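Participant: I'd like to go over a predicted model; first the sequence, then the structure.
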Amino acid sequence: DLQTLAERLLEGKKGAIVAIEPSTGEVLCMASAPTYDPRTMIGRDRGKNHMLLEKDPKRPLLNRAIMGTYPPGSTFKITQALTGLQEGSIDTHIAFPCHHGFNYKGLHVGCHGHASPINLVPAIGTSCNSYFCWNLFRLLSNKRKYGSVQKAMTVWKDYMVRMGYGYKLGIDLPGEKRGMIPNAQYYDKAYKGSWNGLTVISIAIGQGEVTATPLQICNLAATVANRGYFYTPHVVHAIQNGSIDPIYRTKHYTGVDRRWYEYCVAGMRKAVLDGTCRAANLPGYEVCGKTGTAQNRGHDHSVFMGFAPMSNPRIAVSVYVENGGFGNVYGVPIGALIMEQYLNGHLSKSSEIKAQHFQNMHIKYGD
């Protein structure tokens, strides 16, 4: 059972797993950890037990899948690629240098070692920070096209919103959070009107002021799987003697041409074949994926989003493990197990051993 597996894989961790059927927007599983035993919410002690849960520093009442707002990390690079391609700040051939990072006018954003210069598809596959910093810098610095950095930023934000960020998607559950996509007014206030593309460069790689829920990250994977549209995510499968609200049957298009999505799909496939998502390889299926390692005050968060199969996708998934380190430590292998369970209906013997391993891997938190 997919839901049971997701809950097992999050034992001893803080975070969330979400899976969506791209062709309908139906939520296939949604797990949040830590959680609590619902049996404590019945009987004469339920009030006292609820108060104890509310005071618990681990926040077990928080459904992190829709209420947790986190830096999306490098999963966000897909939105940047699509925006850059549609707006013309990059094309599929242009290559940028990466000598262990983005370096310009004294600003340095680090990156790991890989081939340089690098163009779009391998930049997605290796998750090159420099490439996506150059992309955003060129977009926000194009005064000939936009007139000012403020107008360029407004265009940028509009794309993010159309891709499902910065607002509540409208899932049929209470408490969903909107996340954060900054706008020009935000930066005008923060920097007293004196800012440019370099000032905000960290948003290019899903850091800085940008935050998202695991649901929004999974929804992006579903959007890429559909090559440019998504359905409002929903948990209700059917209503007896009734019909589901038409809002859950409506396609939401992002305003980015389908052809540009194909290059992002190719990059996400490359990430699984020989890039940062190799642990997501699944025999018999062409899996596409993107890692994220989201920086924060403590240990980095481990993030993954992906979908499979590449053609006619049946599942999109996101994994977010707080303080789990690199995306390929927890995010990728956990995401692969979720996809395998759904696509095959069971785990292989070796995958079940792997699932038990992750179930028993507990992260030490300070609270």
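Facilitator: The structure has been received and is ready for your questions.
Participant: mind listing what Trp102 touches?
Facilitator: Quick fix: residue 102 reads Phe, not Trp. With contacts defined as Cβ atoms under 8 Å, 6 or more residues apart in numbering, Phe102 is in contact with 108-109, 111, 129-130, 133-134, 201. No exception for glycine: its C-beta is placed from N, CA and C like everyone else's.
Participant: Could you pick out which of those are located in strands?
Facilitator: 108-109 (DSSP state E).
Participant: nearest to Asp188, of the contacts of Phe102?
Facilitator: In terms of Cβ to Cβ, no member of the contacts of Phe102 lies closer to Asp188 than Ile201, at 17.1 Å.
Participant: Tally up the residues packed near the closest residue to that closest one other than its chain neighbours, please.
Facilitator: In this structure, Ile201 finds its nearest non-sequential neighbour in Cys133, 5.2 Å apart by Cβ to Cβ, 6 or more residues apart in numbering. Per other Cβ atoms under 10 Å, the neighbour tally for Cys133 reads 27.
Participant: now Gly345
Facilitator: Gly345 has 8 neighbouring residues, counting by other Cβ under 10 Å.
Participant: on that earlier part again, would TSV of the contacts of Phe102 with pLDDT and distance to Gly25 be doable?
Facilitator: What follows is the contacts of Phe102, written out as TSV (pLDDT from 0 to 100; distance: Cβ to Cβ, whole Å):
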residue	pLDDT	distance to Gly25
His108	94	41
Val109	94	35
Cys111	92	35
Asn129	97	32
Ser130	98	35
Cys133	98	33
Trp134	98	34
Ile201	98	33
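Participant: which one of the contacts of Phe102 sits closest to Glu11?
Facilitator: Asn129 (32.4 Å).
Participant: Next up, the contacts around the nearest residue to the closest one once chain neighbours are set aside.
Facilitator: Nearest residue to Asn129, sequence neighbours excluded (Cβ to Cβ, 6+ apart): Cys111, at 4.1 Å. Taking Cβ under 8 Å, 6+ apart as the criterion, Cys111 is in contact with 98, 100-102, 128-130.
Participant: Return the helix or strand in the protein with minimum mean pLDDT.
Facilitator: Within the chain, confidence by mean pLDDT, DSSP states H and E is lowest for helix 46-55 among all helices and strands, at a mean of 74.
Participant: check contacts around Arg249.
Facilitator: For Arg249, the contact set (Cβ under 8 Å, 6+ apart) comprises Tyr231.
Participant: try Pro22
Facilitator: 222-223, 225-226, 230, 307, 313-316.
Participant: again, 6 Å this time
Facilitator: Contacts here follow Cβ atoms under 6 Å, 6 or more residues apart in numbering; on that basis Pro22 touches 222, 225-226, 313, 316.
Participant: Return the closest of those residues with respect to Ile353.
Facilitator: Closest to Ile353 out of the contacts of Pro22 is Ala316 (25.8 Å), distances taken as Cβ to Cβ.
Participant: and the longest helix along the chain, what does it pack onto?
Facilitator: As assigned by DSSP state H, the longest helix anywhere in the chain is helix 258-274. With contacts taken as 3 or more Cβ pairs under 6 Å, 6 or more residues apart in numbering; DSSP states H and E, helix 258-274 sits against helix 77-87, helix 120-126, strand 288-294.
Participant: what's the angle between that helix and strand 288-294?
Facilitator: Angle of helix 258-274 versus strand 288-294, following axes from the mean of the first three to the mean of the last three Cα atoms, to 10 degrees, is 80 degrees.
Participant: Any chance you could list what contacts helix 258-274?
Facilitator: The set of residues external to helix 258-274 that reach it, using Cβ under 6 Å, 6+ apart, is 78, 81-82, 85, 92, 120-121, 124-125, 224, 227-228, 277, 280-281, 287-290, 310.
Participant: Which positions in it come out as buried?
Facilitator: For helix 258-274, a neighbour-count test (16 or more other Cβ atoms under 10 Å) marks 260-261, 263-272 as buried.
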